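[1] Coordinates for the following, if possible.
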Amino acid sequence: MATGLGFGGVAVGYLRYRGQSIRYVGLHWPSLKDILVALGGYIFSFILAMSAAVLITLTGTEAASNSAAEAGRANPEILLLLIPASFLLIAPGEELLFRGIVQSTLREILSAPLAIALASCIFAAIHYFSLMGAPRARLVSIAVLVLPTLIFGSVYEITDNLTVPILTHGAYNATLFSILYLQFAWSQRAWKYLSFWLSSSE
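    This next block holds a predicted model:
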């Protein structure tokens with residue numbers, strides 16, 4: 001949540017420095033078309049990320065763990081806070097900086113595909129410090145993170161409305177946090193019941 005606020009603060013500071021308003025990033029109320037693009041982007045980004053995860057599992061490649069996921073493993077209730085925060089803080093802050101500022105600025109001098117790719121790589125690389133594990137494992141996770149990020153940049157380019165990648169990114173993160181919560185909460189409850197059953201049977 002701190003990164004969402006931090007990235008958003010940097011973006012707002014940059015807009016003030018350049019004498020630009022929030023209109024520069026194209027933040028508008030979404031139309032029906034925008035909502036459909038956001039939904040399609042969410043589905044496609046999730047399929048890409050899950051396909052990469054399956055490939056990593058099948059090949060036995062080591063990937064890094066996320067600090068938020070590790071905190072959620074110890075205390076699953078944290079993940080319940082991160083689900084609404086995905087829409088309210090994390091996605092708005094990150095999209096404002098990396099799509100609204102970085103991609104838009106790159107778009108002034110580069111073609112759309114290059115601007116999207118470069119902004120996505122910068123965004124993914126920043127997450128190196130929130131990952132836990134060996135450098136090679138972190139790079140694997142960053143490579144996977146680039147995939148959904150390319151979709152976030154694409155839906156922004158298609159609609160020219162920052163609300164669309166915010167919704168796509170927010171839904172993507174919220175889904176991941178929900179899955180992690182169900183996984184960790186279920187495993188804790190299962191262990192609790194197993195421990196109770198073992199102690200009762202002695």
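[2] Now do the contacts for the residue nearest the centre of the chain.
    The residue lying closest to the centre of the chain (C-alpha atoms, centre = their mean) is residue 173, at 5.0 Å. Applying C-beta atoms under 8 Å, 6 or more residues apart in numbering to residue 173 gives the contacts 82, 86, 90, 91. For glycine as for every other residue, the C-beta is placed from the backbone atoms N, C-alpha and C.
[3] please redo it, this time with the cut-off set to 6 Å
    86, 90 (C-beta atoms under 6 Å, 6 or more residues apart in numbering).
[4] Touching stretch 6-22 from outside, list them.
    Residues contacting stretch 6-22 (C-beta under 6 Å, 6+ apart): 93, 94, 96, 97, 101.
[5] for the helix or strand containing the residue nearest to the centre of the chain, what is the average pLDDT?
    Per DSSP states H and E, residue 173 falls inside helix 163-201. Averaged across helix 163-201, pLDDT comes to 74.
[6] Just the buried residues of stretch 5-16, please?
    The neighbour-count check on stretch 5-16 (16 or more other C-beta atoms under 10 Å) flags 7, 8, 11, 14, 15 as buried.
[7] should've said stretch 181-188
    Residues of stretch 181-188 classed as buried: 181, 184 (neighbour count, 16+ other C-beta under 10 Å).
[8] Off-centre distance for that stretch?
    21 Å (C-alpha atoms, centre = their mean, to the nearest Å).
[9] which stretches of this structure have low pLDDT?
    Flagging of the chain using pLDDT under 70 yields the residue ranges 1, 187-202.
[10] Break down it into its helices, ranges please.
    Using DSSP state H, the helices found in the chain span residues 2-17, 32-59, 67-74, 77-85, 91-95, 104-107, 112-126, 135-159, 163-201.
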